[in-house]
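Enquirer: Sequence and predicted structure below; questions after.
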Amino acid sequence: MVAMAGGRRHRRRPTTAAAAATADWLSRITVATLLPVIKTFSQAYRETALVLCEKSAFQTIGEEQSQNPYTELLVLKGHHDIVRFLVQLDDYRFASAGDDGIIVVWNAQTGEKLLELSGHTQKITAVTTFPSLKPCEEKNQLLLTASADRTVIVWDCDTGRQIQKVSCFQSTVKCLTVLQKLDVWLSGGNDLCVWNRKLDLLCKTGHLSDTGISALVEIPRNCVAAAVGKELIIFRLVAPIEASLEWDVIEVKRLLDHQDNILSLVNVNDVNFVTGSHVGELIIWDVLDWTVQAYERNFWDPSPQPDTQQEIRLSQKPHDISIHHFTCDEENVFAAVGRGLYVYNLQMKHVIAYQKTAHDSNVLHIAKLPNRQLISCSEDGSVRIWELREKQQLPAEPVPTGFFNMWGFGRVNKQASQPVKKQQESATSCLLELIGDLIGHSSSVEMFLYFEDHGLVTCSADHLIILWKNGEQESGLRSLKLFQKLEENGDLYLAV
Amino acid sequence: MISAPDVVAFTKEEEYEEEAYNAPALPEEYSVPLFPFASQGANPWSKLSGAKFSRDFILISEFSEQVGPQPLLTIPNDTKVFGTFDLNYFSLRIMSVDYQASFVGHPPGSAYPKLNFVEDSKVVLGDSKEGAFAYVHHLTLYDLEARGFVRPFCMAYISADQHKIMQQFQELSAEFSKASECLKTGNRKAFAGELEKKLKDLDYTRTVLHTETEIQKKANDKGFYSSQAIEKANELASVEKSIIEHQDLLKQIRSYPHRKVKGSDKFLDEMEHIQDQANQTSTTSNPDESADSDLYTCRPAYTPKLIKAKSTKCFDKKLKTLEELCDTEYFTQTLAQLSHIEHIFRGDLCYLLTSQIDRALLKQQHVTNFLFEDLVEVDDRIVEKQETIPSQPSQDRLPTRTLEECPIPKVLISVGSYKSSVESVLIKMEQEHGDEYKEVEVTESSSFDPQENLDYLDMDMKGSISSGESIEVLGTEKSNSVLSKSDSQASLTVPLSPQVLRSKAVSHRTISEDSIEVLSTCPSEALIPEDFKASYPSAINEEESYADSEGAIHFQASIRPSELCEIQEDSLENTPSQIDSSCCIGKEIEGQLVSFPTPVHTLSDEDGVVSIPPQRFRQKDQGFHVDFAAENINPHQDNSCEVFPASELDPSCLLASRDVSKTSLDNYSDTTSYVSSVASTSSDKMPFAHPTSLSSERHRKRAGQNALKFIRQYPFAHPAIYSLLSGRTLVVLGEDETIVRKLVTALSIFVPNHGRCAKPVKHWVSSPLHITDFQKWKLIGLQRVASPASAGTLHALSRYSRYTSILDLDNKTLRCPLYRGTLVPRLADHRTQIKRGSTYYLHVQSMLTQLCSKAFLYTFCHHLHLPAHEKETQEVVASRQASFLKLNLGLVNEDVRVVQYLAELLKLHYMQESPGTGHPLLRFDYVPSFLYKI
C-alpha cells in the first residue's frame, strides 16, 4: 500500500503540450493561442484567438527574468477613477492625479498615503510642480493642477493646503508649463495665459483654436513652442524691462510641417526639440531658428510590408503609428510609435533599433533609465523593460516563450519559437531586448515614474497605482531598519 | 472506550527504558507525570477508580433550609454524563464541607441584622468510594425570605481524576470565582430590589396602620385605649422597626464595596452597562451613588401591598429558585460561564497541562509565533502580557505541591509565597486581625515536617486507589469578611481545628471507617491581583496561572499524627508512583526525590512517556470521532446533545450535536459564521462563549485530516505546499464549492500569517482575480464556471500566472514552480504513519515551529544582513547569507526561499509599530512554472 503510493508519487512529471490537447474548452483557448505561432490553425479559431488573446506576434518573455529587478510590489489604492498623472515631488514623494479629480500625495518608500487633495470637481487635465526660485525662500513645494472644471489650483504639497484657485478660464487648461527662469507659469487651453507665482494673470493670447494647445515646451530666448492641432506655434514672452512695461506674449511663428495632429512635443537637448504626430511623423527642430532638422515618417509605416502576420493583426487600429510619447538622452530619441518602440539616433539621423510590436496595444509612456534601459507602458496593461544593446553579428532572436503559456498545458518555457521580426532592417545597429515585464494592472497603464532609490511607480486606468520595488534591495533595507529598531530598543547584542 | 490517539503513551517502564537511550530527551518542560497506575496495568485513559460518571461535570447544589442539601442542576445537563452517580448523596457531601458560618442576623451588640459579605470558600473534596473528586466552590446568596437572609449554594467541579482537580485548582478557582461573582452580583441586585419592594410594602402598611390608629383615636375619646388600639399601636411600632431594619439592610447591600464590583470581570461590567441602559428610565435617586444605586434601582412599577409586620418564617413556603435569586440575565450568564468551565477543563489532565505549557512556551516566541500559530490562542495574551513572561514558565506556572509548601498543618492562609503574602497584607489592612493571622502562618510553616508531607502524599495515593478508605482532601479558603470583624474571626477560627471539621464530616458519612481529611487552603480570590481578574475570559485561565505562579497553590495538609502512622505503613510501597504523579512536574522536586528511601522513577524515564502528544479531549473524541472516509457520525455516539438552556448557548454543543451530521464542519468559515449567528441570536452578551477557539479545535482536526488526505492523494502536494510556504498564492480551482472549500481549509494550515489578523486565506471566490487579491490572499479557492462567462476569470488567472500556483481540482493538475527541497517532504510525507487529523496538525505545527526558529535566526543575525565593514560589498553579504542558510540552517534549493520569505514576514511584523498600519507586500520571483499531473 505504502509502496504503491510511493510509486505514484514519483510518476509526477511536467507534461507536454500535446498531452494537454485533449483538455476542455479552456485548453482550446490555449491551443488557439499557440496555433498562430505554429501557423496551422484554421480560420474558425482565428477569431477566438484575436478576441481572447488579441495577438501573438509580439515579443514575449518567459517567466524567467533574471535581469528584472522588480520582485516586490505594493498596490496603492487611493483613486476611484483612471489615474493619469504621476509627478515626482522630491526624493521620496510623488503625487498622483486622475479622472476622479483628487490628487494624492504618496510616500514612494513605504507606499503610505500622505495627503489627499480634493478641490477639483472634474477630471484633472494637467499637473506640474512649481519649484521655488530659491531653495531657501520658500520651503514648501507647490503643485499646480488643472482640471476640466476650468480651474487651476495651487497646492502646498507639505500641508495639503489649497493655496489658491484660479477659475477665470474660458476653456479647460490642457497643459501647464513653468518657466523657472522668469518665475512664471503658462497655462494652455484654447488660449495661452501667463501667470506669475502669485497667480496674477500677466498676459494672454487671443483665442487660438477650439482644439486648444495640446502640448507646450519651453525653448530658449524666452520662447515656448505650443502644439495646436497640426500647427506648431512659437510664442515669445516679453518680460517687463522697466516698471512701466507690462508682460506680453507674442506669436512669433507658425510651423505647418506636420500633416496631422501633433501628439507629442519634447525638448531633446540645447539645440533640438522633437515633435511627433498622429500619422507617425517625427520632426526634429532647431530650438533657435525653428527649422526642421530631420523628418522621419516612413520607417514605421507598416503598409509596405506584406506579411502573413498582418492577417492576424486585423484588429489593429488604423492609427497604429501615432507617436504618443518621446523620451531622449544625449544621443537618441526614443519614440513610442503605435505599439512599437523606436530608437532614433540624432547623429546618424536614422533609427538604430526598434521593436515593432513592443506591446499588445499602444505604448503610452516611455522613459529612459540611466543604465541603457528603457521602460515602456501600454494600453495593454503591461510595463516592459528593455535594454538597448549593440547588435551582435547575425543577431539571434530572443526565444519568445508564450506569454500566455499559463494555459499552455504542459508547455514548459522551452518551445518552438517563431522569429517575429523580418530581417529586412539590417541597417539597424542595435537592438532593444526585452529583459522583463511587469504585470499587475488590469487595464491600460497610463504613466509611470521612476525613482532611483524606490523603484517604479505605475498608474493605470484600473484606478490603481503600483509601486514596483527591487525585492533584494528592499529586503536589505528592512534588515537595516530592523537592526536600527533593535538598537533603539536596546535589544541588540553584538557578538564580539 | 479507549479512544487513544495514534500512539498510546507507554506506561510500562521496560518498554520505554530502551527508547530513552536513543531518542533525544524531551525538553524538561514537556515532561508530564508518569501515570501512577502503570504498575497495575491500567492505561491512563481507563476509568480511574470505578467512577460512576462518564466524564467531568459541574454540579450546583443548595443547602435548602427545608429539605437539606439538594442538587439543583448539572452542567452538562445530561443524565448520560453523571450516569448512576448519586447526586443527592454527593450534594450532601459537598454541602457539608462548607465550614463558613456565614453569620447573618443580629450580632451581639448590634441593633439591626447585619449582612456579611463573605468570600467564597474553595474546597477540594474527594470521595474514593464514589470515585469522585471535586473542587467545591461555596457561596452564599441573599434571600429576604430565607433564614438569616442567606441561602448557601455550592458549585462543584466533579472529576474522577484527583490530580486534575489538585493541579488545576488555581485555574478552577479563578473560573469558578467568575461564575460566582456573576451570581452574586445578580443576587445583590435582586436582593436590593426585593428589599425595596419590601420597604414599599412596609411603608404602605405603616400608612394604613397609622390611618387606622388615628381613626380609632378619634373614634374613642374616652381617654383610654382599647386593646385593639394598643395592638394596632404595637403593630405600627413593629412595622416602623422593620422599616428601619430593612432600610439598614438596603444600605448595607448597596454599600457592598465597589472595589469588588470593579474587580469582578469585565463581562459583569458590560452586563451592568447593558442593564444600566435598560434601566435608563428608572430614576436615579442620588447622583453621588449613581454608580452603585444604578445597579440596585428596582423597577418603578410596583404596587405596594399590605403585609404583616412580623415576618413569619413559613417553612412550607416555596423558596425562590436560583434563577429568581439572581436575576435571569445573570443566571444565564453564569450558566454560560459554567459551560465554558466544563469545556476548558474537559479532557485528560496531561492534555490540559501540556496545552498550558504549550501556550506558555508559545508566548515566549512572541517574535515568530504570529506566523503559524492559532490566533485565538495567542492573541490577546501576548499583547497584554509580553513583559510579564516568566523566564521559567514550566516551573513557575504549574501549581506544584513542593515539599516545602505542601502540608502545613492548621494553617489557613498560605504563606508560601512572597507575593501572596504581600497581597493578603494589603487587603487585610481593612481588618485589624490581619497581622495576627500572619504570625500564625509564619510560625506554622516553620514548624513543618517534611516527613508529614510524604505521608500525606502516600495517603493521598492510597486513598484514591483503594476504596476501603475514604479520603477527603479539603481545600478551604480564607474567608474575608469585609464588614464584620467578629464574623471574619469566627469564620476563620472554625476550620482551624481539623477535628471539628472531621467530626462534622464524619457525622454525615457512613461509608468510610478510616477517613482522613486533608485540609488545604489556598490564597483567596481576593489575593489575586485585580489586573488578572478582570480580563478577557479566555485569557484568564492562563493569566491566572501566571499571576499566581510564584504563589502557586499551596495545598496544606493537616493530618492527625495517629492516623498518619497507620497509613504510612500501608502505603509505603505506593510511594514512588504516587510521587511521580503528583509532584514531578516541578523541576525542583527532582533533587528531592533522590533523598527518598524508596526507589523512584527518574525523570528521564518519564520523558519517554510523553514523547507522544497527549490526546486531546477524550470525551470529545468519543463523541465526535469522525471517520474521514465516511464523513459521518454515529448519532448514538453523540453524547453532548444537551437540552439545558446553558448548553444551547454553548456553540460547541450546538455544533457538536446538531451540525456535525448535516453540514460540512470541515469548513472553518462556515463554522464561525454559524457560531456567530448563534451568538447573535441567542444572546449578545456571551463573553464566556468561545466560538473561535472551540471551532478552531474542530477546525484543526478537520484541517489536519484533510491535509493528510491531500498529501496522500496528490503526488504533487509538495510543490503546492512549497508555494504556500514561500508566499506564492495558491489558487485552488474547482467547480464544486464544498470540495474547494474543504481543501482550502486543509491547506490553510501551511499558510504563514502576515500579522495578528486573520490568515490570508480566501475560501471561495467566483469573480476574476485581481492583483490586489494576490497581495492580500495567499490561498484562494476559485470557482470554475463551465461557461464562456468564466473567460474573464481564466484570463485574469493566466495574466497573473507569475504570481500564482494553480491547483486544478477538476483536472487534477497543478501548475507551479519546481520544488527540490527537503523540508516539505518531511512536513508532508505521504507515507506518514500519522492517521489522525489532530496528530498530523500537531506534527505540522512542530515542523513549522522549527522552521520559524530558523527564520528567526536568519532574520536576527546581525552579521548576515549588514556589512562587517564599510568596504564590504553587497555581494559579500549576500554570499554570507547564502552560506548561512545552506550550512548553518541546512537548507537546500528552494527551502532557502521559504526561510527568506518567512524572514521578510518577520521583519515586516517586527517593524510594524501598530498592527494594521503596514501594507501587505507582494513578493514574487521570476521563475518558470511546471505543470504536474497525477
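Expert: In hand now; what should we look at?
Enquirer: where does chain B dip in pLDDT?
Expert: B:1-51, B:98-117, B:220-225, B:257-302, B:308-317, B:374-696, B:789, B:913-919 (pLDDT under 70).
Enquirer: So it: which segments form each domain?
Expert: Domain ranges of chain B: B:57-102+B:112-234+B:317-347, B:695-843+B:928-933, per the TED database.
Enquirer: quick one: which of those is nearest A:Arg161?
Expert: When these are compared by CB to CB, domain B:695-843+B:928-933 sits nearest A:Arg161, at 31.2 Å. From N, CA and C alone the C-beta is placed, and that goes for glycine too.
Enquirer: need the residues of the stretch 1-150 of chain B near chain A, please.
Expert: Contacts of the stretch 1-150 of chain B with chain A, taken as CB under 8 Å from any CB of the partner chain, are absent.
Enquirer: Spell out which residues of the stretch 801-934 of chain B are next to chain A.
Expert: B:801-802, B:806, B:811, B:813, B:815, B:830-831, B:859-860, B:862-863, B:865-866, B:874, B:877-878, B:900, B:903-904, B:907-908, B:910-911, B:919, B:921-934.
Enquirer: Only the buried subset of these, as a PyMOL command please.
Expert: A single PyMOL command selects the buried members of those (16 or more other CB atoms under 10 Å in any protein chain shown):
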select buried, chain B and resi 801+802+806+811+813+815+830+859+860+862+865+877+900+903+904+907+908+910+919+921+922+923+924+925+926+927+928+929+930+931+932+933
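Enquirer: Which ones among the residues of the stretch 801-934 of chain B next to chain A map onto helices?
Expert: Of the positions in those, B:859-860, B:862-863, B:865, B:874, B:877-878, B:900, B:903-904, B:907-908, B:910-911 sit in helices, assigned by DSSP state H.
Enquirer: dump the residue contacts of A:Thr205.
Expert: Shown in contact with A:Thr205 (CB atoms under 8 Å, 6 or more residues apart in numbering or on different chains): A:191-193, A:235, A:249, A:251.
Enquirer: what number of residues lie near the residue in the stretch 251-400 of chain A that chain B sits nearest to?
Expert: Of all residues in the stretch 251-400 of chain A, A:Gly381 sits closest to chain B, at 7.9 Å by CB to the nearest CB. Per other CB atoms under 10 Å in any protein chain shown, the neighbour tally for A:Gly381 reads 22.
Enquirer: In contact with it, which residues?
Expert: A:439, A:441-445, A:460, A:462, B:799.
Enquirer: Mind doing that once more with 6 Å?
Expert: Applying CB atoms under 6 Å, 6 or more residues apart in numbering or on different chains, we find A:Gly381 in contact with A:441, A:443, A:445.
Enquirer: Now do it, the pLDDT please.
Expert: With respect to pLDDT, A:Gly381 has a value of 89.
Enquirer: show me what contacts the residue nearest to it when sequence neighbours are not counted?
Expert: Residue nearest to A:Gly381 in three dimensions, not counting chain neighbours: A:His441, with 4.5 Å by CB to CB, 6 or more residues apart in numbering or on different chains. A:His441 sits next to A:381, A:460, A:462 when contact means CB under 6 Å, 6+ apart.
Enquirer: which residue ranges form the strands in chain B?
Expert: Assigned by DSSP state E, chain B shows strands spanning B:57-64, B:68-75, B:121-127, B:132-142, B:150-159, B:470-477, B:515-522, B:729-734, B:761-765, B:779-783, B:804-808, B:813-817, B:922-923, B:929-933.
Enquirer: Chain A contacts on the stretch 151-300 of chain B?
Expert: Within the stretch 151-300 of chain B, no position is near chain A by CB under 6 Å from any CB of the partner chain.
Enquirer: Okay, buried residues for the longest helix belonging to chain A please.
Expert: Ordering each helix of chain A by length in residues (DSSP H) puts helix A:471-489 first. Residues of helix A:471-489 classed as buried: A:471, A:473-479, A:482-483 (neighbour count, 16+ other CB under 10 Å).
Enquirer: and if you look at stretch B:236-244?
Expert: For stretch B:236-244, a neighbour-count test (16+ other CB under 10 Å) marks B:236, B:239, B:242-243 as buried.
Enquirer: Repeat that for stretch A:223-239.
Expert: Buried residues in stretch A:223-239 (16+ other CB under 10 Å): A:223-235, A:237, A:239.
Enquirer: repeat for stretch A:252-266
Expert: Neighbour-count burial for stretch A:252-266, counted by 16+ other CB under 10 Å, picks out A:255, A:257-258, A:261-266.
Enquirer: if you look at these, which of them are in strands?
Expert: Cross-referencing the buried residues of stretch A:252-266 against strands under DSSP E gives A:255, A:262-266.
Enquirer: Rebuild those residues as TSV, extending it with distance to chain B.
Expert: Shown next, in TSV, are those (distance: CB to the nearest CB, whole Å):
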residue	distance to chain B
A:Leu255	43
A:Ile262	34
A:Leu263	28
A:Ser264	29
A:Leu265	33
A:Val266	31
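Enquirer: Pipe those residues into JSON lines and attach distance to B:Cys852 and pLDDT per row.
Expert: Shown next, in JSON lines, are these (distance: CB to CB, whole Å; pLDDT from 0 to 100):
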{"residue": "A:Leu255", "distance to B:Cys852": "68", "pLDDT": "88"}
{"residue": "A:Ile262", "distance to B:Cys852": "60", "pLDDT": "89"}
{"residue": "A:Leu263", "distance to B:Cys852": "56", "pLDDT": "88"}
{"residue": "A:Ser264", "distance to B:Cys852": "54", "pLDDT": "89"}
{"residue": "A:Leu265", "distance to B:Cys852": "57", "pLDDT": "90"}
{"residue": "A:Val266", "distance to B:Cys852": "53", "pLDDT": "88"}
